[in-house]
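Undergrad: have a look; sequence and predicted model below, questions after that.
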Amino acid sequence: MKPKIEKDFDAVKMMRDIRDKINNETMDMSFVELKKYMSERSINNQVVKDKKSDYSKS
């Protein structure tokens, strides 16, 4: 068995965090609200910017 390597950046954890954040924010939205949310977020890339700032603080 290989020894576990300590990583500076964990892409799987980041993806799970992003997915969980989106799920929590969109949980009670209608289709129209969800469509608007995704459109605005993709234009601004806000989720990725948020996570990058979270990981740079660590």
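TA: Perfect, thanks for sending it.
Undergrad: tell me what the helix or strand containing V32 is packed against?
TA: Following DSSP states H and E, one finds V32 within helix 31-44. When contacts are defined as 3 or more C-beta pairs under 8 Å, 6 or more residues apart in numbering; DSSP states H and E, helix 31-44 packs onto helix 11-26. To be clear about C-beta, it is placed using only N, CA and C from the backbone, and glycine gets the same treatment.
Undergrad: for the helix it packs on, which positions count as buried?
TA: D17 (16 or more other C-beta atoms under 10 Å).
Undergrad: the inter-axis angle of it versus helix 31-44?
TA: Relative orientation of helix 11-26 versus helix 31-44 (axes from the mean of the first three to the mean of the last three C-alpha atoms, to 10 degrees): 140 degrees.
Undergrad: how close does the spatially most central residue of the chain sit to V12?
TA: For the chain, the residue sitting closest to the mean C-alpha position, by C-alpha atoms, centre = their mean, is I18 at 1.7 Å. Here I18 is placed at a distance of 11 Å from V12 (C-beta to C-beta, to the nearest Å).
Undergrad: try E6
TA: Taken as C-beta to C-beta, the span from E6 to V12 is 15 Å.
Undergrad: could you list the single helix or strand in this protein with the lowest mean pLDDT?
TA: Ranked by mean pLDDT, DSSP states H and E, the weakest helix or strand in the chain is helix 46-57, scoring a mean of 60.
Undergrad: mind listing what V32 touches?
TA: With C-beta atoms under 8 Å, 6 or more residues apart in numbering as the criterion, no residue contacts V32.
Undergrad: pLDDT score assigned to it?
TA: The model reports V32 with a pLDDT of 95.
Undergrad: separation between it and E40?
TA: Counting by C-beta to C-beta - V32 and E40 are separated by 13 Å.
Undergrad: try K21
TA: Counting by C-beta to C-beta - K21 and E40 are separated by 15 Å.
Undergrad: can you pull out the low-pLDDT segments for the chain?
TA: 44-58 (pLDDT under 70).
Undergrad: the same query, at a cut-off of 50, please.
TA: Scanning the chain for pLDDT under 50 picks out no residues.
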